[in-house]
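Chemist: Sharing a sequence plus its predicted fold:
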Amino acid sequence: MRKAKRFNLVLLYFFMAIFLMMPGCSDFWGSDSDNDDKGNASGLWDYHSETDMNAITLEWRDVDFPCNGPILGNETVKVTITETTMTWEDDVIRWLGESGADGAILITWTRESGAAGDPVGTWTATGEDGSTYELELGEDGVVFLSADNISCSSDE
């Protein structure tokens with residue numbers, strides 16, 4: 001009886017350890033080698049076209065990025081929107097883009113067509129590391145972001 005109880009405890013501890021090591025991982029040892037270059041995020045968005053700064057507020061509620069992605073919470077960014085491009089100019093959002101002349105981060109998103117001043121639609125952008133991002137701004141106020149080929153440096 002004592003050996004059986006000890007054996008059951010060993011099994012229990014083993015499975016607890018495995019369970020704690022593996023949340024969100026794709027293989028047994030905890031590495032996510034199949035998806036370490038991908039990211040997804042979702043949440044809500046709102047466009048403030050009536051203000052003097054033309055801004056989009058993004059409320060990220062679910063974020064799964066290894067690096068170079070948004071963080072949970074709110075981010076507000078100044079935007080300029082044409083029929084085919086949307087430029088984000090901000091000194092807060094640094095997960096994609098490059099520095100402009102004044103030091104602000106510039107992110108240029110493109111789409112096939114749309115109305116100037118209307119951010120609704122599917123946008124794409126390419127990061128400095130060659131990663132590709134797709135941003136969907138829905139009419140219902142829902143935002144989805146996905147990325148492929150994300151390259152994380154060792155200091156992130």
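Modeler: Right, received. Where do you want to start? Numbers count the residues shown, from 1 in each chain.
Chemist: helices or strands next to the host helix or strand of Trp60 in the packing?
Modeler: According to DSSP states H and E, Trp60 maps onto strand 55-64. Contacts defined by 3 or more CB pairs under 8 Å, 6 or more residues apart in numbering; DSSP states H and E place strand 55-64 against strand 39-48, strand 73-81. Yep, even glycine has a C-beta here, placed from its N, CA and C like the rest.
Chemist: Confirm that Leu135 sits in a helix.
Modeler: No - checked against DSSP: H, G, I helix; E, B strand; the rest coil, Leu135 lies outside a helix; its state is strand.
Chemist: which ones are touching the closest residue to it other than its chain neighbours?
Modeler: Distances taken as CB to CB, 6 or more residues apart in numbering place Trp123 nearest to Leu135, at 4.4 Å, with adjacent residues excluded. Residues counted as contacts of Trp123 (CB atoms under 8 Å, 6 or more residues apart in numbering) are Met86, Trp109, Thr110, Arg111, Glu134, Leu135, Glu136, Leu137.
Chemist: hmm, try it at 6 Å
Modeler: Met86, Trp109, Arg111, Leu135 (CB atoms under 6 Å, 6 or more residues apart in numbering).
Chemist: Now, these that are in strands?
Modeler: Counted as lying in strands by DSSP state E, out of those, are Met86, Trp109, Leu135.
Chemist: Distance to Lys78, neighbour count and pLDDT added to those residues, as a markdown table?
Modeler: Converted to a markdown table, these look like this (distance: CB to CB, whole Å; neighbours: other CB atoms under 10 Å; pLDDT from 0 to 100):
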| residue | distance to Lys78 | neighbour count | pLDDT |
| --- | --- | --- | --- |
| Met86 | 11 | 23 | 93 |
| Trp109 | 13 | 23 | 93 |
| Leu135 | 16 | 24 | 95 |
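Chemist: Now flag whichever of the residues you listed is closest to Gly117.
Modeler: Met86 (10.1 Å; CB to CB).
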